[in-house]
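K.L.:
Turn this into a structure:
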Amino acid sequence: QVQLVESGGGLVQAGGSLRLTCTASTRTFSDLNVPWFRQAPGKEREFVATISWSGGYTSLTDSVKGRFSISRDRAKNTVYLQMNSLKLEDTAVYYCAAGRALTQRAADYNYWGQGTQVTVSS
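P.N.:
Numbering: from 1, shown residues only. Okay, here's the model as predicted:
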């Protein structure tokens, strides 16, 4: 079982930055692909970014390209989502997940964190 814990969320003004962290409880995490999803009130959970187990492949959804980046430190069992130039529409609960899949479908991932709230104000 892989337990994931997100941190780093908070309240930030539009144009500001936050760095989200996803930390895992086991070393198995370093062998898994790790996506970030987000869910705004009344909306479906949507894909934001993903990184392969090695860190050699990353993908971002179009709406965050040029503003967000994803990286990982395998030695620290941690994945980061750096969010710059935040917009009001980035407000959501952000979740990290982990699994063998490398897709943008939430249903393909077995392990999930509890989520961290990101609120962007004007």
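
K.L.:
ok, the nearest residue to Gly8 once chain neighbours are set aside to Val93 distance?
P.N.:
With Cβ to Cβ, 6 or more residues apart in numbering as the criterion, Gly8 has its nearest non-adjacent residue at 4.2 Å, and that residue is Leu20. Backbone N, C-alpha and C define where each C-beta goes, glycine included. Distance, Leu20 to Val93, using Cβ to Cβ, to the nearest Å: 11 Å.

K.L.:
who's more crowded, the two?
P.N.:
More neighbours surround Leu20 than the other of Leu20 and Val93, with 25 against 18 (other Cβ atoms under 10 Å).

K.L.:
Is the more buried one within a helix or a strand, and which one?
P.N.:
Assigned by DSSP states H and E, Leu20 belongs to strand 18-24.

K.L.:
same question, Cys96
P.N.:
Counting by DSSP H and E, Cys96 is part of strand 92-98.

K.L.:
Pull up the overlap in contacts between Leu20 and Val93.
P.N.:
Counting by Cβ atoms under 8 Å, 6 or more residues apart in numbering, the common neighbours of Leu20 and Val93 are Thr116, Val118.

K.L.:
Could you double-check that Ala14 lies in contact with Leu88?
P.N.:
Yes - counting by Cβ atoms under 8 Å, Ala14 does reach Leu88; the two are 5.9 Å apart.

K.L.:
Tell me which strands the strand holding Cys96 pairs with, and in which orientation.
P.N.:
Sheet pairing for strand 92-98, assigned by DSSP bridges, gives strand 34-39 (antiparallel), strand 111-112 (antiparallel), strand 116-121 (antiparallel).

K.L.:
partner residues bridging the spatially most central residue of the chain?
P.N.:
By Cα atoms, centre = their mean, the chain has its centre lying nearest to Trp36, at 2.7 Å. Using DSSP bridges, the bridge partners assigned to Trp36 are Ala49, Cys96.
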